Structures are given as structure tokens and as C-alpha cells.
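Colleague: Sequence first, then the predicted structure, then my questions.
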Protein chains: 2
Amino acid sequence: MSSFKTIEWKDDRVLMIDQRSLPLREVYIECLMFEDVAQAIKDMVIRGAPAIGVAAAMGIALGAHKSKRKDKIEFLAELKEISTVISNTRPTAVNLFWAVKRMMNLVNENKDKDIDWIRNRLVEEAKKIYEEDISICKRIGKVGSELIKDGDTVLTHCNAGALATAGYGTALGVIRAAFQEGKRIKVIASETRPFLQGARLTAWELDKDGIPVTIITDNMAGYVMSKGMVNSVVVGADRIASNGDVANKIGTYPLSILSRFHNIPFYVAAPISTIDYNCPSGDQIPIEKRDTKEVTHIMGNKITPDVEVLNPAFDITPSDHVSSIITEKGITEAPYSKSLRALLG
Amino acid sequence: MSSFKTIEWKDDRVLMIDQRSLPLREVYIECLMFEDVAQAIKDMVIRGAPAIGVAAAMGIALGAHKSKRKDKIEFLAELKEISTVISNTRPTAVNLFWAVKRMMNLVNENKDKDIDWIRNRLVEEAKKIYEEDISICKRIGKVGSELIKDGDTVLTHCNAGALATAGYGTALGVIRAAFQEGKRIKVIASETRPFLQGARLTAWELDKDGIPVTIITDNMAGYVMSKGMVNSVVVGADRIASNGDVANKIGTYPLSILSRFHNIPFYVAAPISTIDYNCPSGDQIPIEKRDTKEVTHIMGNKITPDVEVLNPAFDITPSDHVSSIITEKGITEAPYSKSLRALLG
């Protein structure tokens, strides 16, 4: 496990490491109200699909825990409002909706129980989602590490690490597991503009664990691949359509094309909760457009003149670019519409 | 022409706009000694292959102009030293060596003339290289604009504009010419980490000229191409091997792969002085590795933990990814070993 906590339920509040301040400052933020959790998701204090799922669950639990309603109907109505606020924070990562649904299903199935019972059960469930996420990531790591050979250099994009989950990570879970098995591996982390998750977060957490990591700017990926410096690419996912198309951090799709061109395997590591079985293909996945200030300003400093700027936060990698999808229930391969469905059995 | 001067010989000094401060501050730097010019090239006060060529020529002229030697042999020896210092500033852009060679050939052919004559002739020659560069860029623009259609959106990388040349630009020369012919075109500028030439310089100079420009981060190129938002890619070059392989700013090579994948034409615009006829192929072109601080710090602020960092400043695009090379003598196509050679005829 990592030496820090991405998110934690503590007494009657939710603590999060502020991922906007890393790696320069290790600051923790206290969420006292569910609105604080919603804002933290929006502002990317916490990010990464599985971590957002855990935060969403804890947000609902916090809202329930702090509710002053004495009337059951009013209490249930408030929970519904809370779940709507949490759901409206970010659109792409399906784990958020998955976690909200799981929490609200629990409420709906136990409407007859008293307010305190529901309240406590929701806090328990959020903690359970947290614990499950860690053990799922460890399973993903164990399953995926067989794809990583001794001596390999693995390129990863964004941060699909302990910081993107309750702990351990998905793509970085695979890397951690391979490293813990004694494989001498190296990681190349693309910096991942605009939010710099690679340069700031992935480099920080791998370095903390003693895993050798080299930072490149996103546009150096072609260079390192052409020099034979990359044995495989492993990334996370924010949502996987039922046909295997993958929404992940902007820049993943071009990496998949570069991998194909250089005959480098391209792996996606994600929990089954990231698979949206109701979504037939990638073009149905909503792509969040974030504030263009993320592009025009770096660490508060303006870098551009006042012109048009785009800031799509994700892109879609078509399933035929994906060599394997690594889940806690095993490694799946094309045709994904079949192999992903089989995970449910 | 542009409303600013990239570089200028003025009285007994060389003025340059400081490209490290743009777009926030329009600051000019005065070079009083040839060493100032060498340092300015090294530090990227001025950058872009043709502009570096002009700066190199002006640097030698400045050295000659300021020389205190009365003895011809000592004067010639000093000029040789100056040319070595200028040559050792940056390794990749061949225009630098081209300009040094042109200046020193002039010296060698006129060794019998007196010191003052040589001195004045070198200043004249540097000004001539400057003037020629502007008219060559305008010809490149005129030649290349036929490849740009009314309504097109052109993606460009780094800055191959007025700031990268004596004025007008190569890739941006093509865009300027098309715009001046009344074609309604739009430009997408990739920000070009680590030095941000796209976000800072290309966006600034196009905006100044009223040409619509949209900034993306480098890793968004796949996204905009997949959405059908890009009709062509036009970039500059730092050195073109005789087989048509192109050294250009890091990130150009992956753009060429993305262009191929999306069936988007990929054009290179450069003066003939960028073609290194003595270099058989791209793998013979030296790639400059710059200070990793360019990656780890943005605007003076550290963004990364203390881990390994790569910073190759250029990459090589193989000739078979290049749809056309646009020069002042016309548009060339594959096979480049033949068509580039024909430009000399």
C-alpha cells in the first residue's frame, strides 16, 4: 500500500489529499458537508475514475450522516437531492454514477428502516466501497502483472495510480504488482497536460515507492517509442463502452495510434465498475469540456495570449487499438462485446 | 510583414525580441558582442531554424565589426574562433551551419582584402541573408498557399512563423499567404511543450495579424483530427536530410503518424537552406538534448518531483510520412532523394 491516503472517512468527515498541490505540497482537505465533496470532485482535488466513485459514495454517506431531517420522507427526498448534486459534478467517469446508484439502491431497498439505520448503513457501504476498491486494484495488479516482463519499460499516461483510486491503482497497480514480484521494470510517465497528472502525481507516487520513473512531455511519446525504449503501454479508463471502446484522459487515443504504429501492446487496466454495459460504443460517452484556464494558466501563471482554446478532458480509444483490458476478474481480449459481457457471468 | 521585428541589425548592435518573455511581455534584447548573440541562440531568446541562421550571420558580422585586431592574420584567426563559438550553440538546425559557412566562405574568398573591407562586407552579407530570408519566406508562402483551400483548418506545431525567421515565416508563411489571398482559414496551434512555442509564439503572432487561432495541448491533436476538425498539417523544419527525412520540433513525428492514420495531408515548409544535402537520412541528424529544467519548470515554477526527465528538442519524421515539402523553388514530393536534388538545378 501507499504511504499516503488518497481519501479517508474519519470520524464525521471525509479527508482527501489535495491533488492540485502535489508534488510540491502534501496538503489534506477536510470535507465537512456533502457539498464540499461535490466541489472537491469538480475542482479535481480528487480525480481518477475509481477515486471519484469512492468520493461519490462518501459524499452521499456524509450528506446522510449530517442530515437534520427527522421525517423519513423528507430525509429520503434530501438523499435524492444529494445524489443529484454528486452526480452532476463530472460527466465522463462512469464509476461516479455506479457508486451513486449502488448507494441509492441501498436506500431504496431499505426505505422501511428508520433514519438512523439508513444513515449508518450508508456510511458502512461507503467504507465497504473504499475497501473493495483497494482489493479490486490489488487483484487487477496481480492479474495484469503477467503481461509485464522482467526488464520492461512501461509507458503510462495521466495517473491511474493510488491517487486515482482508494489506493494501489489500476494501471499503476499492474506496475506495482510487477515491481513487487521482483521484476526490474521502469516507467515512462507522460506529463499529461493540462493538469499534469503524469508529471505531478504518477512521478510522485512511483518515486515514493522506489519505482524508477522518467517524465516526458506528451509529445515525446513518438520519440521514445521510435527509439525502442517502450515495451508496453498501460493506462487506466474513465469509462469503457460495452464494445470495448475506452474513454480515458485526453492524449490516450493518440498514444494508442502510436502504439499500433510501433507494434507496442496497449493495455487498459480498470475495475469492472468502469465498464458501462448500457453504453454500446465510445461515441455515446459524454466528453467533459473543462475550463480553458487549465490550458492557458500553469500554476496560476498565464502562458497564452487571449485566443480560442479547447479543453476536452478525455478522448475515445477505439476497441481495436486495445490489446487487452485488464480487470479484477481476468484479462479480456477482442472481441470485447463478448469478453466484457462474460465478466458478468 | 509582421508588426514586430524578430531580429534586426541596428547601428553597431543586434536587436532581438526576447521570445522567452512572449506573449506576456514584448521585450527587446541588445547584443553588443558576438558572445551575446551566441548566448541568445543557446538560451532560445531567438529560435527557429531560419532565424538562427540569420542570428548566426549577424553574430559573425558583429564579431568582425567589434574586432580590435590590426593584424590581418590575427583578425582572420579571430573570425575563425567566432565562427566556432557560433557553430557550437545548437546542433540540429542546419541553417546555422549554412549561414556560418556562407559568411566564412566570403572571408576565405577575400583574404587579400583589408580588414575594414572584410568587416563591412560581412555586415552587408548578414543584412543580405536577413533580406533574402524574408523574400524566401514570402515565396514559400505563395508557393504553398495553393495547398490550402478556402474554409480549411490547418494544424501547426511549434512556431515556424515570423518569429522563427527574419519575418513572415515558413509554415506560418503558407498560412499568412493563404489568408492574405482571402481564404477563410483557421489555425489550430498545438502548445508545444516544453518551451510552449505554439501556445506562446504562434498564437501571439497569428492573433496580432488577425488570423483565427485556437490553442490545444499537444495531446489533443488526436481528438481534433478524429472529430474531422483538421484539413491539413503544416510544420517547419530544422533540418531536412537529402532523402526527405525531416528533423523538427519534438512532437512533429507523432503528428505525422496521426495525420497518416486520419488521412490528413502532412506538409513541411522550409527554405532550401534547411536541406542538408550532405546528410543521407534522418538518423544522421544530431538531436539536441536540452536542459531538463525546461520540462520540470514552467515560468520559473517547479511542477515535478525530483525524478529522471528526458528533453530531446527534436524528432525525426520519415520522408514517407511527408505529403509535400514546400520550398521557395516549388512544391516537391516523393521520391525526395530525386525531387530535393532537382531544386539545386
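Modeller: In hand now; what should we look at? Numbering: from 1, shown residues only, chains lettered A, B, ... in the order given.

Colleague: how near is A:L206 to B:L62?
Modeller: According to Cβ to Cβ, to the nearest Å, A:L206 and B:L62 sit 48 Å apart. Using the backbone N, CA and C atoms, a C-beta is placed for each residue, glycine as well.

Colleague: repeat for A:I46
Modeller: Note on A:I46: its distance to B:L62, by Cβ to Cβ, is 56 Å.

Colleague: Helices of the stretch 201-345 of chain A, start to end?
Modeller: With helices called from DSSP state H, counting those that start in this stretch, the stretch 201-345 of chain A shows them at A:203-208, A:221-226, A:252-261, A:293-296, A:336-342.

Colleague: If you compare the directions of the third one and helix B:252-261, what angle comes out?
Modeller: Direction vectors for helix A:252-261 and helix B:252-261, defined by axes from the mean of the first three to the mean of the last three Cα atoms, to 10 degrees, enclose an angle of 90 degrees.

Colleague: What's the mean pLDDT across helix A:252-261?
Modeller: Confidence for helix A:252-261, expressed as mean pLDDT, is 98.

Colleague: does chain B sit close to it?
Modeller: Yes - against chain B, helix A:252-261 shows contacts by Cβ under 8 Å from any Cβ of the partner chain at A:253-254, A:257-258, A:261.

Colleague: ok so, going back, how about JSON lines for the helices of the stretch 201-345 of chain A, with mean neighbour count and distance to A:L76 added?
Modeller: Compiled in JSON lines, these are given as follows (neighbours: other Cβ atoms under 10 Å in any protein chain shown; distance: least, Cβ to Cβ, whole Å):
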{"stretch": "helix A:203-208", "mean neighbour count": "23", "distance to A:L76": "39"}
{"stretch": "helix A:221-226", "mean neighbour count": "23", "distance to A:L76": "49"}
{"stretch": "helix A:252-261", "mean neighbour count": "25", "distance to A:L76": "40"}
{"stretch": "helix A:293-296", "mean neighbour count": "18", "distance to A:L76": "37"}
{"stretch": "helix A:336-342", "mean neighbour count": "16", "distance to A:L76": "34"}
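
Colleague: show me what contacts A:I250?
Modeller: A:312-315, B:217, B:219-220, B:223 (Cβ atoms under 8 Å, 6 or more residues apart in numbering or on different chains).

Colleague: go again using 10 Å as the cut-off
Modeller: A:157-158, A:192-195, A:218, A:287-288, A:290, A:310-315, B:216-217, B:219-220, B:222-223 (Cβ atoms under 10 Å, 6 or more residues apart in numbering or on different chains).

Colleague: Pull out the buried members of these.
Modeller: Among the contacts of A:I250, those classed as buried by 16 or more other Cβ atoms under 10 Å in any protein chain shown are A:157-158, A:192-195, A:218, A:287, A:290, A:310-315, B:216-217, B:219-220, B:222-223.

Colleague: Quick check: which helices or strands does the lengthiest helix in chain A pack against?
Modeller: Using DSSP state H, we find that the single longest helix of chain A is helix A:115-144. Applying 3 or more Cβ pairs under 10 Å, 6 or more residues apart in numbering or on different chains; DSSP states H and E, we find helix A:115-144 packed against strand A:7-10, helix A:49-66, helix A:72-87, helix A:94-109, helix A:171-180, strand A:266-269, strand A:324-327, strand A:330-332.

Colleague: Give the buried residues for the longest one.
Modeller: Judged by neighbour count (16+ other Cβ under 10 Å), helix A:49-66 contains these buried residues: A:49-65.

Colleague: Equivalent analysis for the fourth one, please.
Modeller: By 16+ other Cβ under 10 Å, the buried positions in helix A:94-109 come out as A:94-100, A:102-104, A:106-107.

Colleague: now it: how far from the chain's centre is it?
Modeller: 17 Å (Cα atoms, centre = their mean, to the nearest Å).

Colleague: would you put the C-alpha positions of it in PDB?
Modeller: The C-alpha trace of helix A:94-109 is given here as PDB (Å, rounded to 0.1, in the frame of the first residue of the first chain):
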ATOM      1  CA  VAL A  94     -18.900   6.100 -15.000                       C
ATOM      2  CA  ASN A  95     -17.700   4.900 -11.600                       C
ATOM      3  CA  LEU A  96     -19.300   8.100 -10.200                       C
ATOM      4  CA  PHE A  97     -22.700   7.000 -11.400                       C
ATOM      5  CA  TRP A  98     -22.000   3.400 -10.500                       C
ATOM      6  CA  ALA A  99     -21.300   4.400  -6.900                       C
ATOM      7  CA  VAL A 100     -24.300   6.800  -6.600                       C
ATOM      8  CA  LYS A 101     -26.500   4.000  -8.000                       C
ATOM      9  CA  ARG A 102     -25.200   1.500  -5.500                       C
ATOM     10  CA  MET A 103     -25.700   3.800  -2.600                       C
ATOM     11  CA  MET A 104     -29.200   4.800  -3.700                       C
ATOM     12  CA  ASN A 105     -30.200   1.200  -4.400                       C
ATOM     13  CA  LEU A 106     -29.300   0.500  -0.800                       C
ATOM     14  CA  VAL A 107     -31.600   3.400   0.300                       C
ATOM     15  CA  ASN A 108     -34.500   2.200  -2.000                       C
ATOM     16  CA  GLU A 109     -34.200  -1.300  -0.700                       C
END
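
Colleague: what's it packed up against?
Modeller: Applying 3+ Cβ pairs under 10 Å, 6+ apart, one finds that helix A:94-109 contacts helix A:49-66, helix A:72-87, helix A:115-144, strand A:239-241, strand A:275-276.

Colleague: what do you get if the cut-off is 6 Å, keeping everything else the same?
Modeller: helix A:49-66, helix A:72-87 (3 or more Cβ pairs under 6 Å, 6 or more residues apart in numbering or on different chains; DSSP states H and E).

Colleague: And the pLDDT for A:M1?
Modeller: 57.

Colleague: Oops, could you answer that again for A:D283 instead?
Modeller: Reported pLDDT for A:D283: 97.

Colleague: From chain B, how far off is it?
Modeller: Separation of A:D283 from chain B (Cβ to the nearest Cβ, to the nearest Å) stands at 10 Å.

Colleague: contacting residues for the residue lying closest to that residue once chain neighbours are set aside?
Modeller: Residue nearest to A:D283 in three dimensions, not counting chain neighbours: A:I316, with 7.0 Å by Cβ to Cβ, 6 or more residues apart in numbering or on different chains. By Cβ atoms under 6 Å, 6 or more residues apart in numbering or on different chains, A:I316 lies in contact with A:245, A:247, A:282.

Colleague: go with 8 Å
Modeller: For A:I316, counting by Cβ under 8 Å, 6+ apart, the contacting residues are A:245-247, A:253, A:282-283, A:285, A:287, B:226.
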